[in-house]
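need coordinates for the below:
(6 chains)
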6 protein chains.
Amino acid sequence: MNILAIGAHPDDIEFGCGGVIASETRCGRSAHLIVCSRGEAASNGTPEQRTTEAENSARILGATLEFVEFGGDAHFEHSVARAMTLARILRRLRPGIVLSPAPVENQHPDHAVLGRLVRDAARLARYGGVAELRDLPPHAIELLLFYAVSAEGEPKDISPVFLDVSDSETIATWTAAMQAHGSQMATRDYLDLQLARARVNGLRAGVEHAIALFPGGPMVVDSLARLGRGARRF
Amino acid sequence: MNILAIGAHPDDIEFGCGGVIASETRCGRSAHLIVCSRGEAASNGTPEQRTTEAENSARILGATLEFVEFGGDAHFEHSVARAMTLARILRRLRPGIVLSPAPVENQHPDHAVLGRLVRDAARLARYGGVAELRDLPPHAIELLLFYAVSAEGEPKDISPVFLDVSDSETIATWTAAMQAHGSQMATRDYLDLQLARARVNGLRAGVEHAIALFPGGPMVVDSLARLGRGARRF
Amino acid sequence: MNILAIGAHPDDIEFGCGGVIASETRCGRSAHLIVCSRGEAASNGTPEQRTTEAENSARILGATLEFVEFGGDAHFEHSVARAMTLARILRRLRPGIVLSPAPVENQHPDHAVLGRLVRDAARLARYGGVAELRDLPPHAIELLLFYAVSAEGEPKDISPVFLDVSDSETIATWTAAMQAHGSQMATRDYLDLQLARARVNGLRAGVEHAIALFPGGPMVVDSLARLGRGARRF
Amino acid sequence: MNILAIGAHPDDIEFGCGGVIASETRCGRSAHLIVCSRGEAASNGTPEQRTTEAENSARILGATLEFVEFGGDAHFEHSVARAMTLARILRRLRPGIVLSPAPVENQHPDHAVLGRLVRDAARLARYGGVAELRDLPPHAIELLLFYAVSAEGEPKDISPVFLDVSDSETIATWTAAMQAHGSQMATRDYLDLQLARARVNGLRAGVEHAIALFPGGPMVVDSLARLGRGARRF
Amino acid sequence: MNILAIGAHPDDIEFGCGGVIASETRCGRSAHLIVCSRGEAASNGTPEQRTTEAENSARILGATLEFVEFGGDAHFEHSVARAMTLARILRRLRPGIVLSPAPVENQHPDHAVLGRLVRDAARLARYGGVAELRDLPPHAIELLLFYAVSAEGEPKDISPVFLDVSDSETIATWTAAMQAHGSQMATRDYLDLQLARARVNGLRAGVEHAIALFPGGPMVVDSLARLGRGARRF
Amino acid sequence: MNILAIGAHPDDIEFGCGGVIASETRCGRSAHLIVCSRGEAASNGTPEQRTTEAENSARILGATLEFVEFGGDAHFEHSVARAMTLARILRRLRPGIVLSPAPVENQHPDHAVLGRLVRDAARLARYGGVAELRDLPPHAIELLLFYAVSAEGEPKDISPVFLDVSDSETIATWTAAMQAHGSQMATRDYLDLQLARARVNGLRAGVEHAIALFPGGPMVVDSLARLGRGARRF
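Numbering: from 1, shown residues only, chains lettered A, B, ... in the order given. Now for the predicted structure:
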């Protein structure tokens, strides 16, 4: 598998970085989604509805989907046990790139808690001596990339990398995936917000639409030719 | 030309990012060096010696070299006229990647002044209506990367990208280029400092030696596969 | 006069905070615009066209307009003389609120230079003993608010205040004012960018559209009832 | 109710923002204080004394008072259960403005823990589907304002808003409320500290005395006329 | 006792600030080391080996050593109970200076957790009324200094103080102490990293080798003559 | 000479760090004051009055005084020529410690400009080859310490060091030195502000009164015993 995306609630991945998943699967890379609650605390939608919506949305994105139990929506807490649950998943799936909500406070406390847990899990997964993980070989992921479900959740102390998602098919797939979360569409505000953010970031990057990702640590290249171009439009 | 590196004093490029130049030219990319003084204010070395040393060093790095007059070592000032001088060079040479000292205060005031001037120049070079540049067509560089002549000059608010320079030939070429600045070798402190920094950064990046570069703006990629791996060793 | 807005180029005020001007004049407050160049360095539009566009745009916004000579587009430099020019304007016009580009580096070097000059001018305008300003009585403005022409120019170290500009008449006026800069409309990118930014900020603020302003110093109130509400939507 | 102030120890509200309470109640607004321990870990004063002192102090401030059990002084821990306790209080009392210690490390670990809990509670209180809160309707507060019990606890990354508390009756009431905590008055250092801080902040704000408050998120206004004036004295 | 150093794993003190311990004991000051796990989660070395290595290393450094149980390597969690364990140690040992890992995320989650616990413990140790500590008199340490096990763990928001460890005997002792952790020497990378960091910091400080320490709060002096000199070399 | 203090206006040193000078001269160390204007732009006081006040104040502090011409109050500009003027003074006087306004924007633009010039001058003074300084031998100062004329001017990115100035004679001398600036005493606000700041900082430091200083670079010590104690009171 190439990409593992982790979200706290059934629509977080889609709203926060659905365009990234759409873009990557369109190019033939595989993606797997882990969702850590059924959105039980939300003002709209039952857990059953939310589950179905997430399944439909994953299908639209061309990704596989798996739910993990983390104590329920609005009940995430930071603990070693939860980090071990995620580390075990990393060892089982052995992804190259992991997309995680950023460990930055924003409109829902679960987002930042999950971000810290994924960061810890990426470390635990590669230590050889962790007793409760010993049945699976250690795994070091290639790259941890944080996404932000809303503008408030963007890390201020990490330089963003913009992924160009201007391709019309990518935008259509992403939009459809967001629309699949019908229970959250009473108003179209969330959908509008994400497309407007992608347009703003696109104009910053000199393309139509872009999504900002925040590397969980410094990147390493063996040639400057490997680097993307700069966001030179502005 | 692929890479343009700009330095305030005859040895700044070599000490700050000589390994980058060595690595890129070894892979067949072309590099041009612009040096903006003859090191007249330094405690050691005459301007003539410094000029010769820079010429020898550029040859070792496989790069071409050019001097520009900026008022003399320790006399750099920020002005539109100086930024226009650099913008004109950018239009003439039309580089893809530009390496510049970071606009961050450190042990020599010229470094930060030059960093601000290069940043301004990269913008001016692409405006269509600038009267004094109108004889050359506008040029937008692909990527501005800041280097730091010393640890103090590293920007704290930009996430670094590490270039792996572990290749033994690259290290040997870089070391030789630094040694070519014999007048600055009374003690080997500067040389030691750079190799120790590259070793620290290498271990941060999970390789033998690495050089930290700081993008002058967010980077844009069209696929996550384009991104380097993360510095996952630590 | 209530509000003085200052811009580096003929369209900066409109693109950066035109909705603020539209909103305030719609409520009966007066606004005056100072533009410090004719956009001579831009890739599109002659100085004459730009001047006419700014005049039309100001009329649409219900504001008065005045040009000031600052050395020409792309030639702004920080100097006491320029700050005194602005301080003299502040003493002459005696505004309560001043809108200025933020002193933050972004796609055009003039923006940050002008931001620093306005900040200095707001101080100089209130010192009693400045010889070259002595013919006009000192004036202390009530509030300095920075705007950002693009997302890159938003200060990271100042907490934003959102002005709700959701009123449909305000949005229409603002849009018309931006469209008045026809020479910059080859693509509609700038216009799109600003409306998308206002939509993102609106959703952050829990309204349809909002513009982020950045106070130039701490605000003082005599009752908590004076404070706006928080951006509680997200 | 207009204002809800929350404190970790019996004197935190008084020392951190007692002048704010005094100023608001003097103008006829209602205030309620929640105190989350009896100061059991302090070097001076028994829990019974501290309770009586807090009751007397609240009476002086013209506020009502309520104690909540959080595990005892020096034993605060971040947990969803504690955040739910506070969210339930927010739904019950339905305040407009909430004053909370800042989530910033300072001389007592409880302060930052409580700040994080209040921030979380303000979010949980407005989610419709939280099972354990379902018997009370959701409530979104208007504004979360952080106060700092000491200078070390002031957030560096939020721009302060100064409340003018220069009115002599306000200062007298505040001073009396602090003096009501007689067990903490062995030296008058805490009292001195707060009045000196208010004097420093007052001079920053151009008034006699002021208290710095730190908005928990960006503020939203529908007119620039709603904004306070700037702290223009200096 | 003069100095208490606390580490999460058997080799953290040696790799992070072993040169500090070596330098201080060489000058006749006493040092005690507290290690909070046996390195059970590491890829190399058994807990028994790690224990013996730590004992040998402490002997080389001229320090005494004590193990404390914190739930095991990779299982550190922030809790009041753990902070009380450390506070009790501070009251028992009554050190002047405490060296602690910085509360900054880096390659191992335990490091930052322990840093936060030590910071909390330094506060709890001086409160007079903490029930579970009442059998030992309160103690206020003189100075809390954070060290960083790797470059990633250096606090960006605290100005470093450099300790000159250039003395050849100090370097030899430090190197031997690191080598005593033979199970971690499969490659010499960790040892190399620390000596390279000390060389970089030494050159920043104008000496041969230096270690950066980060004060846990502002320092207080009664004369400027007490201050060290500045790092004036660069 | 031990200490050189540099100020932009006749009362800046006294208001910003007069207690430091008083404390040091009381202990027998010598201090020299450089003032770079006559306060010509101030609302109160003629240049002649200001000069006399500065002379009287220096006498009270036990320091010598010298005026330097920098273009006049409110007319400071950053230039190499001005930095050279200061570098020449450093070479002539050869001070160990230099006190300078911080290079941070605050209520008067001259303060930050002078801070940047002093920082540059400290570098230029030690370069061996600077033509216009060649008649005086290079000099490297021991320590550059920034002071802040007001709270707004305190650097947020440098950890403060507190100097204890609680000694009653020191406070009396400092107060008298501030009072010597009678033309600025129309209200006692500035005097009040500084004593209140010293009281707040004193309580932060666990002493009666303290002044915050901000090292211009990292400090170097050869023993932890050299470090002051931490500000452990709070």
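
show me what from chain A comes close to chain E.
Residues of chain A lying close to chain E (CB under 8 Å from any CB of the partner chain) are A:79-80, A:83, A:119-120, A:123-124, A:127-131, A:138, A:157, A:217. Where C-beta positions appear, they are placed from N, C-alpha and C, glycine not excepted.

which of those residues lies closest to residue F:37?
Closest approach to residue F:37 among those (CB to CB): residue A:157, at 38.9 Å.

tally up the residues packed near the nearest residue to that closest one once chain neighbours are set aside, please.
Distances taken as CB to CB, 6 or more residues apart in numbering or on different chains place residue B:157 nearest to residue A:157, at 7.4 Å, with adjacent residues excluded. For residue B:157, the count of nearby residues is 12 (other CB atoms under 10 Å in any protein chain shown).

with residue A:86 instead?
The burial count for residue A:86: 25, using other CB under 10 Å.

for it, what are its contacts?
If you count contacts by CB atoms under 8 Å, 6 or more residues apart in numbering or on different chains, residue A:86 has them with A:6, A:68, A:117, A:118, A:120, A:121.

count of residues packed around the spatially closest residue to the second one that is not a sequence neighbour?
Using CB to CB, 6+ apart and skipping residues adjacent in sequence, the residue nearest residue A:68 is residue A:36, 5.1 Å away. Using other CB under 10 Å, residue A:36 has 27 neighbouring residues.

also residue A:218?
20.

pull out the CA atoms of stretch A:100-119 and give them to me as PDB.
Presented in PDB, the C-alpha positions along stretch A:100-119 are these (Å, rounded to 0.1, in the frame of the first residue of the first chain):
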ATOM      1  CA  SER A 100      -2.800  12.500   9.800                       C
ATOM      2  CA  PRO A 101      -4.700  15.400  11.300                       C
ATOM      3  CA  ALA A 102      -2.200  17.900  12.600                       C
ATOM      4  CA  PRO A 103      -1.500  18.000  16.300                       C
ATOM      5  CA  VAL A 104      -2.900  21.500  16.500                       C
ATOM      6  CA  GLU A 105      -5.900  22.700  18.500                       C
ATOM      7  CA  ASN A 106      -8.900  23.600  16.400                       C
ATOM      8  CA  GLN A 107     -12.700  23.300  16.500                       C
ATOM      9  CA  HIS A 108     -12.800  19.700  17.700                       C
ATOM     10  CA  PRO A 109     -10.500  18.400  20.500                       C
ATOM     11  CA  ASP A 110     -10.300  14.900  18.900                       C
ATOM     12  CA  HIS A 111      -8.300  16.200  15.900                       C
ATOM     13  CA  ALA A 112      -5.200  17.400  17.800                       C
ATOM     14  CA  VAL A 113      -5.300  14.300  20.100                       C
ATOM     15  CA  LEU A 114      -5.300  12.000  17.100                       C
ATOM     16  CA  GLY A 115      -2.500  14.000  15.500                       C
ATOM     17  CA  ARG A 116      -0.300  13.500  18.600                       C
ATOM     18  CA  LEU A 117      -1.200   9.800  18.700                       C
ATOM     19  CA  VAL A 118      -0.200   9.200  15.100                       C
ATOM     20  CA  ARG A 119       3.100  11.000  15.600                       C
END
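
any idea which helix or strand carries residue A:32?
Assigned by DSSP states H and E, residue A:32 falls within strand A:31-35.

quick one: contacts of that strand?
A:1-10, A:12-13, A:21, A:24-25, A:54, A:58, A:61-68, A:89, A:93, A:95.

and the least confident helix or strand in chain A by mean pLDDT, what does it pack against?
Ranked by mean pLDDT, DSSP states H and E, the weakest helix or strand in chain A is strand A:229-230, scoring a mean of 75. Secondary-structure packing of strand A:229-230 (3 or more CB pairs under 8 Å, 6 or more residues apart in numbering or on different chains; DSSP states H and E): strand B:143-147, strand B:219-221.

who does that strand pair up with?
Here strand A:229-230 is paired, per DSSP bridges, with strand B:219-221 (antiparallel).

and the partner strand, which residues are buried?
The neighbour-count check on strand B:219-221 (16 or more other CB atoms under 10 Å in any protein chain shown) flags B:219, B:220, B:221 as buried.

need the three-state assignment for whatever residue of chain A ends up closest to chain F.
Per CB to the nearest CB, residue A:157 is where chain A lies closest to chain F, at 12.8 Å. Taking DSSP: H, G, I helix; E, B strand; the rest coil as the rule, one finds residue A:157 in the coil state.

done for today, thanks.
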